[in-house]
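**Student:** with the sequence up front, the predicted model follows.
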Number of protein chains: 4
Amino acid sequence: MRTSEQYQQGLKKKRRNVYIGGDLVDRDDERMMGSVRILSKTFDLAGQAEHQDLLTAISHLSGVRINRFCHVHQSKEDLHKKQDMTRFYCQVVGGCTQRCMGVDATNAISVASYEADQKYGTEYHKRFLKWLDRFQKEDLVGCCAQTDVKGDRSKRPHEQVDPDLYLHFVEKRSDGIIVRGAKAHNSEAAQADEILVVPTRALTKEEGDWAVSFAIPADWENVHLIVRPASPRPRKHLQAPGAEQGMTDSLTVFDNTFIPWERVFLCGEHDIGGRLALLFALFHRHSYTGCKPAMNDLLLGQVALAAEYNGIGNAHHVRDKLADIIMVIELAYAAGFTASEKARRHPSGTYIPDVVFCNVGRCIAGEKVYHELATLADIAGGLPATLPFEEDFYNEKTGPFLEKYIMRNPKISAENQHRLFRMISDTLTSSFGGAMAVGSVHGGGSPIMEKIAITTQYDVEARKKMVKTLAGIKDEEDRGAKEKTEK
Amino acid sequence: MRTSEQYQQGLKKKRRNVYIGGDLVDRDDERMMGSVRILSKTFDLAGQAEHQDLLTAISHLSGVRINRFCHVHQSKEDLHKKQDMTRFYCQVVGGCTQRCMGVDATNAISVASYEADQKYGTEYHKRFLKWLDRFQKEDLVGCCAQTDVKGDRSKRPHEQVDPDLYLHFVEKRSDGIIVRGAKAHNSEAAQADEILVVPTRALTKEEGDWAVSFAIPADWENVHLIVRPASPRPRKHLQAPGAEQGMTDSLTVFDNTFIPWERVFLCGEHDIGGRLALLFALFHRHSYTGCKPAMNDLLLGQVALAAEYNGIGNAHHVRDKLADIIMVIELAYAAGFTASEKARRHPSGTYIPDVVFCNVGRCIAGEKVYHELATLADIAGGLPATLPFEEDFYNEKTGPFLEKYIMRNPKISAENQHRLFRMISDTLTSSFGGAMAVGSVHGGGSPIMEKIAITTQYDVEARKKMVKTLAGIKDEEDRGAKEKTEK
Amino acid sequence: MRTSEQYQQGLKKKRRNVYIGGDLVDRDDERMMGSVRILSKTFDLAGQAEHQDLLTAISHLSGVRINRFCHVHQSKEDLHKKQDMTRFYCQVVGGCTQRCMGVDATNAISVASYEADQKYGTEYHKRFLKWLDRFQKEDLVGCCAQTDVKGDRSKRPHEQVDPDLYLHFVEKRSDGIIVRGAKAHNSEAAQADEILVVPTRALTKEEGDWAVSFAIPADWENVHLIVRPASPRPRKHLQAPGAEQGMTDSLTVFDNTFIPWERVFLCGEHDIGGRLALLFALFHRHSYTGCKPAMNDLLLGQVALAAEYNGIGNAHHVRDKLADIIMVIELAYAAGFTASEKARRHPSGTYIPDVVFCNVGRCIAGEKVYHELATLADIAGGLPATLPFEEDFYNEKTGPFLEKYIMRNPKISAENQHRLFRMISDTLTSSFGGAMAVGSVHGGGSPIMEKIAITTQYDVEARKKMVKTLAGIKDEEDRGAKEKTEK
Amino acid sequence: MRTSEQYQQGLKKKRRNVYIGGDLVDRDDERMMGSVRILSKTFDLAGQAEHQDLLTAISHLSGVRINRFCHVHQSKEDLHKKQDMTRFYCQVVGGCTQRCMGVDATNAISVASYEADQKYGTEYHKRFLKWLDRFQKEDLVGCCAQTDVKGDRSKRPHEQVDPDLYLHFVEKRSDGIIVRGAKAHNSEAAQADEILVVPTRALTKEEGDWAVSFAIPADWENVHLIVRPASPRPRKHLQAPGAEQGMTDSLTVFDNTFIPWERVFLCGEHDIGGRLALLFALFHRHSYTGCKPAMNDLLLGQVALAAEYNGIGNAHHVRDKLADIIMVIELAYAAGFTASEKARRHPSGTYIPDVVFCNVGRCIAGEKVYHELATLADIAGGLPATLPFEEDFYNEKTGPFLEKYIMRNPKISAENQHRLFRMISDTLTSSFGGAMAVGSVHGGGSPIMEKIAITTQYDVEARKKMVKTLAGIKDEEDRGAKEKTEK
């Protein structure tokens, strides 16, 4: 396994294909370093003996110890640990751990490529395993490019005025394929070693060209990353670990990009394309049952401290609001936990968590994001929005005034009051905080997508049957029963 | 194990101490037969080979096969099965299974009596095991009398103008104790063989007299059951299993009642009294993670069928509402499942489910009760409230009109339309439906009680610590950190 | 104006055409007397000098003083008074005042018949005014039959397998028309003197036969009322005005019913049919801004008293919940008030309240019905569901126990505790309470109907225009702007 | 009345007492120009003939035409126009109009100073009228410094460890008073001509020193403004009016500041101090019934356009969400409208809007702020969070890619797609958007403050009385009735 220094050295060697704000930039551009620092933690902590059990695994391919983010889950225990690892990292870095997309895409492809081979006699899975072996041994950072830009939402891929609005292959050659299109919301592409590409949705027979999956280095030729980085406001005086994070999202453009066959894991099998889209969503929603509880752990901490610092820590309505947040935390966690425990072994050997539990867990967390920000705003009061800039606290004229007047609970020092409310100000009133909120709603699939998944997968018919029995409704008299409402 | 006939014969032999509507009545009074029919199912189904694994267990005392409702959980698996058994029965009977209070109280006493003996050198646990052995072998139905009438809610037990407003012992004798007080909401007391009594709340040092637990036959001398039964409207023509259920609640009066020592499991140890109150609540909330999902399974079925019968089964807003109900079902279930899986073995041998998971699961189910009724009312429309009485459908003048005009989805027969909406009418606009709703909110502890349990038990400090680390707040500068907000 | 005795005498003289529970019954059947008692109040109180200004009006036709329920609004002040009258009556009777359907239908027909005459040269309005003059002078009780049984909700009237699933005329004759169909949820038809019939929805060109409106006496030939009455549980000892109310709903069957032309107000003009449906809904939703605040006034009172009697009247969470109910009360009231103040005079002379304000007011009240019941259940606790029957309080053995153990706030007598919780038990756990809840959601149009009305009527385009201006979006470049989203 | 040029010239002449980010800055610092631009609109538009009726008034003091923001309301019509003016300005500038604090504080002081004079024989009102005459004639911009920094929220002003945590007077002299303290969240102080100071809360007898009100020029000696400005991200290419706005908040420090008597409107009358605090809150909440509907008009427009641009403008769930926003808009508006129409003339001549209606209107708007942001995030999707920076759209390599891949609804040009989502990105993921959200919750009083106002002012006793009558509860038997729950 690599060290964070090795990871960062690797980044520096990459070809320049990252654009920010109109400029072609290096991968150590300061605006992206928050994200680099978070990813570095996934090397530093995994290297520590005390965290070995949680943060690393033994590869089922090579038998060597690898970073758990490179692992394909071989047991329920692996799924439990992936959930707990995700929660742990997010608590430590103060936000998104940023390496989950790789592990989730890897697991999804491990299943879909196997199924394609079984059904179509292809060799995707063999190629994938070869790619995976290197991915594990070199301890690479993977990201996942899934969401197509999608054009007109009321039209299917093949109905768009421009076929490129969903990424597709435009040519098959003996040595590989040519693909064109763009993937939006491609988080951490500029900090990744490998970009894993999977389809974004279910596909019809006419849409085989859009059923394409592959993995390429992030600085591959004819791949352009147009990146929007986000970070909390930089600090000049009040250094704080939580303020040193960051994240990036890329619009990743594939401009007639050549992909050699050994890196292609799906190409033309429309049914497996849709299956792969759902599998990535499923594994990723399982990850959210780790990260969303962590994000809410931190929100809970901010609310509880704001109440304590404001002197209302024991107020009834504060307790009630804390309970509401805890409920969302632990219900989402329990859903993910149950999904792991009820996971099933796929013939490929990969363990797949339960669909319904993953989705209900992700969905409740996503639905409550803004509600919880409202709670923080409620308990913290107006100060996060009007807190003077950091430098005013260090100006000799205004500093003493600010220290005097920020005092609340007299047991808390002015600096600590300042520290807490500056953090809350980042959460509520920074572009970073805003982007995190939107990401928490939509990342891994918006609540509406999870609800579709839930109603599609759930056995509503069984419940209708129970009710018919209790009501004395006999099916033979009732032709309607044969038709499904879920369709 | 007994048959339902034996159970019902047993009821008939009991002393008359049940009052309904001003009359002293027999235990087979028609108004209570709905409840008897439900409890009978717990004998009938447990006796069937196909359900043996789920509905029965091997006693750890005697080694014989017993009804699972008489079992003290000896493993995580036992807890899983108790949850699943509860859900199964409720789906079958169409509502509350009514025998869970006995198993939950039994498990709670198994722990508390052990702890009392360890701490105070008493012999409660030994007595309890002897009682339990008979309870299991005779396959008795237990109920739990917990909720005191409580008088002025802003006052503690010993501060009430009348000390009897919480049940307490008024005399200790060589052969037993004398108790006085009344327990409210004592479900199924009139259908039970044994009433298990436990305290209702945490107690202070001055309140040892209120720390009392015991079990007595339901027709014991100086015990009076003032019962309110509830059932769906009786059917004359449209027989339906769901309409044959019922439940009863008793105000159970202990009027200077003598309890022999062999039936006393706690008497004066105030700290264990509070512990026992919480333990029963905990085991019972775990049961709710089985029954509430079942109740919602049935609600989901009613909503889905109402939509199908109204011809809007595929409408987007219907699917969205189904998803909301499914989320509550499976989040509550997952919380209970996780609570079982994370259960811990108590030194007494009893497995105790996790507190936080039990409480978040019960809480979300309770909080959503009326919201889900609103969904059913929304999708079903006004008909449940204005559906003519059953007899009008069989009157020769009006019957044909009603058959003609109830038609909706033409694939569904008039009778089935009628059957479904009559069931929904029972759910939404009968006294039974109303009582079920109130019971679903408050049974096992109101949402507010669970929120108190959640915030009391949750490690909020750990989350504050995470935030402090991220904000750069050092504890040594911060005297406030030493005081707990949870207090 | 009549006295309530005269009204009741009138009822007794009517032809028997009312069915309840399979029997043809008299109009003074005890099961319907609750409703009769409420309607009697609208005579008694209107006759009292102190209420003259609010409860009566001067007819614009005859210049004589009439009951305001017979009045066609001639000013904004009339609309204000109609709202306030409705609220006042509902507060006094403890529920639905039951005479509003007549005034709302009358006002709707006054507008639609005028428009039909203007557009089609018909004589509906002249006939209507003649009918109205008698309706006012004889001080009749009107009800409104609007909601068709509707069959398959996914089909239009003319697409149903049975055309009678929406009421239509089947023959035009020189002396009148023959109509067939049935109207559901026809509240108080059995207590009314006149049934006013209006269409239920917008109609297409093919649906002229369904565009029919008329008024007939409630005991008219070939009209059958299949009635479901509902009342709180009858009291034997604890007489209470709130327990003496009741309501009835009728499935009103028109079985080839002859309507003479002088009673026909619309017959075949499909566009005016849809207009009339919306107009009745509009006037009726305006009435709901009077009655729903009153219903919530009473719910607020029950919650506040339950808190006081339980000894938690000053608790923070109680105050918070009271505020939530008050908000719904006064927002709904303010919406209705603003709708009156922004009303416009129609060429017929009738004042029509503002559409958007009526709908937002009705909608918020309807959406919160079950939430408010949840609040009452929350604060009242489990007692409403398990309160022993009234007679047990008067049995010599159990009465003293119940008096002893119902004690809560020691300042409140046992009887008053009993009285309050019995009333709350009626609200939460009686068929009457359940039916009221469903009716409060759906009466006058379900929330979903109001939302359709809101988005259809609201000037969303104006808001899009504001945003375009702020965003610098120029319409000439943007062809999409010409298409409406509302369509 | 002044022109915006004259207003801006006036700002430039002011003494430098504004700090931003550690620097003492000029009042035309670029970071504050967004706010200046908005305030300038209140001069430009008021000067246009077409807006004269809405935006100006005739002074009751001088009889000359003045800006309505300087007016003391003399009629219900004035209150209606103030509400409508506020909504109009906010729609035009795309956010907070920023001059309302002045008019609201002015009106509050007009009442409180009069009452003080009546009760204590002081001369505050006479002084105030003299100040007002100049304020109106010189067309000054007023702001209001109300919210004290408040220290420990669980303690009263006189219990704080530092008495300055609430602003108070520390010395009375023959020529004036000396005050010390700081006011937080003092919006637009750096762009105002006059700062009006009012107390923040109800005060006890011991707290006369904190009952102080006055008005001083914003650059007064010993007044320091520590300012946090906020603006949408500045645009380089895509100029847009909505992106040119801004707002500022000041921590305004009064460092032993001398206030001459002619500028003092209250000094020591503790009861009037509390009254004044509530009066400002009341007038300001009335303003919110104008600005919040406008903010939501703009949010509605953004949601509707995002849906249209995404091609889902007619989807059912979109319509439903639009209806929810419209309901909040028009309920809040109706509440303010009703509050104006039910306003009462105070003996001072000022019209005071109804308390309950103002509060319910403000409260519902504040409670829904984050819910509406969630709706915008939901419908807009992830793009607002990941939209590449503006310059990338103009870089020759990346520009064409971005234009190609941002396409959605093909009827909308790429630039317009870009313009819309950039604006939404400002709303959801900029520090300005975050600060606006927090301000929308807390400005004018947090929802919890309004709920306290609502329950304190509402006649809950009347509702309890109604319920007692219906339940047959007689007060003479019930001592509890004499005690108020509101206390």
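**Tutor:** Done, it's in.
**Student:** quick one: end-to-end distance for stretch A:11-24.
**Tutor:** The straight-line separation of the ends of stretch A:11-24 (CA to CA, to the nearest Å) is 15 Å.
**Student:** how far is it from where the chain is centred?
**Tutor:** Its chain's average C-alpha position is 23 Å from that of stretch A:11-24, according to CA atoms, centre = their mean, to the nearest Å.
**Student:** tell me the buried residues in that stretch?
**Tutor:** Within stretch A:11-24, the residues that count as buried by 16 or more other CB atoms under 10 Å in any protein chain shown are A:11, A:14, A:17-22. C-beta coordinates here come from the backbone N, C-alpha and C atoms, glycine included.
**Student:** now what about it, what contacts it?
**Tutor:** A:25-29, A:31-32, A:36, A:190-191, A:217-221, A:223-229, A:250, D:388-392, D:394-395, D:397-398 (CB atoms under 8 Å, 6 or more residues apart in numbering or on different chains).
**Student:** are any of those residues buried, and which?
**Tutor:** For those, buried by 16+ other CB under 10 Å: A:25, A:27, A:29, A:31-32, A:36, A:190-191, A:218-220, A:223-229, A:250, D:388-392, D:395, D:398.
**Student:** contacts only, for the residue lying closest to residue A:334 once chain neighbours are set aside.
**Tutor:** Closest residue in space to residue A:334, ignoring its immediate chain neighbours: residue B:338 at 4.0 Å, by CB to CB, 6 or more residues apart in numbering or on different chains. Neighbouring residues of residue B:338 by CB under 8 Å, 6+ apart: A:333-334, A:337-338, B:354, B:357.
**Student:** any idea how far residue B:338 is from residue A:79?
**Tutor:** 14 Å (CB to CB, to the nearest Å).
**Student:** next one: residue A:449
**Tutor:** Distance from residue A:449 to residue A:79, by CB to CB: 21 Å.
**Student:** on that earlier part again, which among the contacts of residue B:338 gets closest to chain D?
**Tutor:** Using CB to the nearest CB, residue A:333 comes nearest to chain D of the contacts of residue B:338, at 22.0 Å.
**Student:** and that closest one, what does it touch?
**Tutor:** A:83, A:87, A:289-290, A:293, A:361, B:338.
**Student:** can you report how many residues neighbour residue A:163?
**Tutor:** Burial of residue A:163 is recorded as 17 neighbouring residues (other CB atoms under 10 Å in any protein chain shown).
**Student:** please read the previous query as pertaining to residue A:423.
**Tutor:** Residue A:423: 28 neighbours (other CB under 10 Å).
**Student:** check residue A:174 too.
**Tutor:** Neighbours of residue A:174 using other CB under 10 Å come to 5.
**Student:** just residue A:448 next, same as before
**Tutor:** 18.
**Student:** mind checking what secondary structure it has?
**Tutor:** Following DSSP: H, G, I helix; E, B strand; the rest coil, residue A:448 is assigned to helix.
**Student:** contacts only, for it.
**Tutor:** Contacts of residue A:448 (CB under 8 Å, 6+ apart): D:317, D:378.
**Student:** how close does it sit to chain C?
**Tutor:** 18 Å (CB to the nearest CB, to the nearest Å).
**Student:** who's in contact with the residue in the stretch 151-300 of chain A positioned nearest to chain C?
**Tutor:** Chain C sits closest to residue A:152 of the stretch 151-300 of chain A, with a gap of 11.2 Å, by CB to the nearest CB. Each residue near residue A:152 by CB under 8 Å, 6+ apart is listed here: A:159-161, D:310-311, D:408-410.
**Student:** go again with 6 Å.
**Tutor:** D:311, D:408-409 (CB atoms under 6 Å, 6 or more residues apart in numbering or on different chains).
**Student:** swap in residue A:116?
**Tutor:** A:122, A:124, A:266, A:269, A:272 are the contacts of residue A:116 under CB under 6 Å, 6+ apart.
**Student:** residue of the stretch 51-200 of chain A nearest chain B, please.
**Tutor:** residue A:94 (4.3 Å).
**Student:** pLDDT score for the residue of the stretch 151-300 of chain A closest to chain C?
**Tutor:** You'll see residue A:152 listed with a pLDDT of 94.
**Student:** how about the nearest residue to it, chain neighbours excluded?
**Tutor:** Per CB to CB, 6+ apart, closest to residue A:152 is residue D:311, 4.1 Å.
**Student:** my read is that the one you found contacts residue D:407, right?
**Tutor:** No: look at residue D:311 against residue D:407 with CB atoms under 6 Å: they stay out of range, at 10.7 Å.
**Student:** still on that earlier bit, of the contacts of residue A:333 - the most surrounded one?
**Tutor:** Neighbour-wise, these (other CB under 10 Å) top out at residue A:361, 34 neighbours.
**Student:** within range of chain D, give me the residues from the stretch 301-450 of chain A.
**Tutor:** Proximity of the stretch 301-450 of chain A to chain D (CB under 6 Å from any CB of the partner chain) is limited to residues A:310-312, A:370, A:373-374, A:377, A:382, A:384-386, A:388-389, A:391-392, A:395, A:398, A:401, A:405, A:407-410, A:428-431, A:434-435, A:438-439, A:441-442.
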